[in-house]
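Q: Generate coordinates for the sequence data below:
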Amino acid sequence: MTFVVASPSLSVRDARIVFGDRVVARDLTLDFPGGRTTCLLGRSGVGKTSLLRWLAGLLPGVTRAQPLAYMAQRDLLLPWLDILDNVLLGYRLRGDAATLEAARPRARALLTDVGLGDRMCDRPEALSAGMRQRAALARTLCEDRPVILMDEPFAHLDAVTRLDLQDLSARLLLARTVVLVTHDPLEALRLGHQVRVLSGSPFSVGSAIEPAGSVPRDPADPVLLGLQARLIAELRSAA
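A: So this is what the prediction gives:
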């Protein structure tokens with residue numbers, strides 16, 4: 001299941017990002033190329049989520065310029081809806097019955113793709129944390145947006161499921177503009193057309209690392225493993 005859409009680039013120009021009373025970024029200028037996946041790495045607390053929320057227009061004083069889908073770290077499933085209706089939540093909230101019904105087959109197919117085809121009628125309380133995250137991923141993919149922002153979308157999954165859903169996401173998000181926050185260097189190298197490392201306070205953004213080959217890349221590739229070692233060293237030095 002793939003959809004062709006026009007995917008714009010994202011630009012940040014001289015931005016000041018504040019979280020509470022802390023200045024996370026100052027005079028930040030950064031570009032995210034259209035139709036590509038950019039993975040953001042950095043130590044915990046450096047400001048990756050704040051940058052993603054800034055891009056989504058979720059911080060005070062920030063406006064969102066284009067339609068997008070946003071996947072937060074928490075699954076944010078509504079406990080009174082079953083899993084299928086949670087995946088279709090965006091369509092329900094927009095109040096267009098015809099569009100909602102048109103999206104229902106896609107939602108069912110995505111739930112099957114993430115391994116929840118037999119749990120569509122369950123409420124969130126009946127699912128494990130990993131299952132709930134898979135449902136949240138299906139909801140994000142179902143939105144069919146040209147821009148997708150994802151915050152640790154595979155964090156609570158076992159190793160095999162994690163690889164499988166990385167592969168699925170790479171296929172379904174082909175040619176979309178994706179910004180993906182992760183703590184896993186190998187995940188970033190598998191999925192990112194470019195990888196950027198955030199460090200410091202306020203943070204600065206390192207030069208783009210652009211691994212060779214198409215995504216998703218082979219996690220056993222020696223070149224990729226060498227880049228992983230380089231990124232881990234860079235992250236350790238930023239402590």
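
Q: State the helix or strand in which Asp14 lies.
A: Per DSSP states H and E, Asp14 falls inside strand 10-19.

Q: what's that strand packed up against?
A: strand 22-32, helix 48-56 (3 or more CB pairs under 8 Å, 6 or more residues apart in numbering; DSSP states H and E). Glycine gets a C-beta too; all of them are placed from N, C-alpha and C.

Q: Out of the ones you listed, which is the most enclosed?
A: helix 48-56 (a mean of 22; mean count of other CB atoms under 10 Å).

Q: so it versus strand 22-32, what angle?
A: 60 degrees (axes from the mean of the first three to the mean of the last three CA atoms, to 10 degrees).

Q: next SSE after helix 48-56?
A: Following helix 48-56 toward the C-terminus (DSSP H and E): strand 69-71.

Q: contacting residues around Pro216?
A: When contacts are counted by CB atoms under 8 Å, 6 or more residues apart in numbering, Pro216 touches 166-167, 170, 190-191.

Q: Dump the residues you listed to CSV, plus neighbour count, secondary structure and distance to Ser9.
A: Converted to CSV, those look like this (neighbours: other CB atoms under 10 Å; DSSP: H, G, I helix; E, B strand; the rest coil; distance: CB to CB, whole Å):
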residue, neighbour count, secondary structure, distance to Ser9
Gln166, 23, helix, 23
Asp167, 14, helix, 25
Ala170, 17, helix, 19
Arg190, 23, helix, 22
Leu191, 27, helix, 18
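
Q: Check those against Leu51 and report the nearest one.
A: Closest to Leu51 out of the contacts of Pro216 is Leu191 (17.5 Å), distances taken as CB to CB.
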